[in-house]
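Enquirer: what's the 3D shape of this:
(one chain, ligands or ions: 2)
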Amino acid sequence: MTILTNENELVKIREAGKILKDVFSLIKKKIKPGVSTLALDKAAEEKIKEVGAEPAFKGYRGYPATICASLNEVVVHGIPREDIVLTDGDILSVDIGVRKNGYFTDAARTYAVGIISSVARRLIEGTRYCLDEGIKRAVSGGRVSDISNAIQLAAKERNLKEVRMFVGHGVGRKLHESPEIPNWGEKGKGPVLREGLVLAIEPMINVGTRKVEIMSDGWTAVTTDGKLSAHFEDTIIVRPKKAEIIT
Ligand code: MF3
Ligand code: CO
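Expert: Ligands and ions are numbered 1, 2, ... in the order given. Here you go, the predicted structure:
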């Protein structure tokens, strides 16, 4: 667990958060029909290096790229490829981690490519809503599973399915730290949230089944029914009344 209370440390991790925000604004501009996910990866890597940071995913457990680019039925961990090219009507989840000054931040967004279906729109908005509801519970004195429960209820409210095979996590001095943050569960369980605790909260939400399988590349996670999936993630710092969102 990383608990940051010292102002110098906070300044550094906020800087790592700001870098991710800037990388996402760049990626957002580049998302258009005809663009390959490898081109997005290269743009993100270049930007991260330009500001003196490092991609946190590249080389992590052998992951080969800077971003995860997960198209349509891909839930997470889509590997960027030159032959995966965006088409009007697609949705693309982009997940990026960076390390700067010894601190890690991790975030994801799902983007529409051109004009998307109303189901896709409902999924993207619903997933964003799940993340917001989870973040609302990331306050001092609460418990980790209060976040989990809020995400589960938000998904249910929107008639969507939370993926249970992957979890959110502590972040800060490493990419993945304790505690694990499932996107479902009963509230009032798990570690108590202390002010300064750094968390990556990341609901992955499906339109159809919540079930996921991993493809033969060992990374790409897809919905077993081939229906759409979305992913939003922010790195936050637990505060007494309202979490500080740094990405
Ligand atoms: N945000 C994802 C996670 O926290 C991305 C990890 S991709 C990996 O699990 F390549 F770094 F594994
Ligand atoms: Co993460």
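
Enquirer: ok, and the closest non-adjacent residue to Ile91?
Expert: In space, and not counting its chain neighbours, Ile91 is closest to Ala120: 5.1 Å by Cβ to Cβ, 6 or more residues apart in numbering. Where C-beta positions appear, they are placed from N, C-alpha and C, glycine not excepted.

Enquirer: tell me which helix or strand the one you found sits in.
Expert: Ala120 belongs to helix 118-136 when elements are defined using DSSP states H and E.

Enquirer: hmm, who's touching that helix?
Expert: 89, 91, 110, 112, 116, 147-148, 150-151, 153-155, 158, 160, 162, 168, 181, 183, 201-207, 228-234, 236, 242-243, 245 (Cβ atoms under 8 Å, 6 or more residues apart in numbering).

Enquirer: again, but for stretch 22-33
Expert: Outside stretch 22-33, the residues touching it (Cβ under 8 Å, 6+ apart) are 39-40, 43-44, 47-48, 51, 67, 86-88, 92, 94, 96, 98, 107, 109, 111, 113-114.

Enquirer: 6 Å - rerun?
Expert: Outside of stretch 22-33, the residues within contact range by Cβ atoms under 6 Å, 6 or more residues apart in numbering are Leu40, Ala43, Ala44, Lys47, Leu86, Thr87, Asp88, Val94, Ile96, Arg109, Tyr111, Gly114.

Enquirer: the helix of greatest length in the chain - what's its average pLDDT?
Expert: Using DSSP state H, we find that the single longest helix of the chain is helix 7-30. Per-residue pLDDT over helix 7-30 has a mean of 98.

Enquirer: does it reach ligand 2?
Expert: No - when contact is scored as Cβ under 5 Å from the ion, no part of helix 7-30 falls within range of ligand 2; the minimum is 11.4 Å.

Enquirer: flag every buried residue along the helix holding Ala120.
Expert: For helix 118-136, burial by neighbour count (16 or more other Cβ atoms under 10 Å) applies to 120, 122-124, 126-135.

Enquirer: coming back round to it: helix or strand right after the longest helix of the chain?
Expert: Next in sequence after helix 7-30, counting helices and strands by DSSP H and E, comes helix 37-50.

Enquirer: if we check ligand 1, which of the contacts of helix 118-136 are in contact?
Expert: Among these, the residues that sit close to ligand 1 (Cβ under 6 Å from any ligand atom) are Glu202, Glu233.

Enquirer: ligand 2 next: which of the contacts of helix 118-136 are close?
Expert: Checked against ligand 2 using Cβ under 5 Å from the ion, the contacts of helix 118-136 yield the following neighbours: Glu202.

Enquirer: among the contacts of helix 118-136, which ones are in helices?
Expert: Counting by DSSP H, the contacts of helix 118-136 contribute Ile147, Ser148, Ala150, Ile151, Leu153, Ala154, Ala155 to helices.

Enquirer: got the residues of the chain near ligand 1?
Expert: Residues of the chain found near ligand 1, taking Cβ under 6 Å from any ligand atom as the criterion, are Phe57, Tyr60, Arg61, Tyr63, Cys68, His77, Asp95, Asp106, His169, Ala200, Glu202, Glu233.

Enquirer: mind checking how far the third one is from Cys68?
Expert: When distances are taken as Cβ to Cβ, to the nearest Å, Arg61 and Cys68 turn out to be 13 Å apart.

Enquirer: between those two, point out the one with more neighbours.
Expert: Cys68 (25 against 9; other Cβ atoms under 10 Å).

Enquirer: near ligand 2, which residues of this protein?
Expert: Listed as neighbours of ligand 2 in the chain under the rule Cβ under 5 Å from the ion: Asp106, Ala200, Glu202.

Enquirer: now do the contacts for the last one.
Expert: Think Glu202. Each residue near Glu202 by Cβ under 6 Å, 6+ apart is listed here: Gly168, Glu233.

Enquirer: what pLDDT does it get?
Expert: For Glu202, the model assigns a pLDDT of 98.
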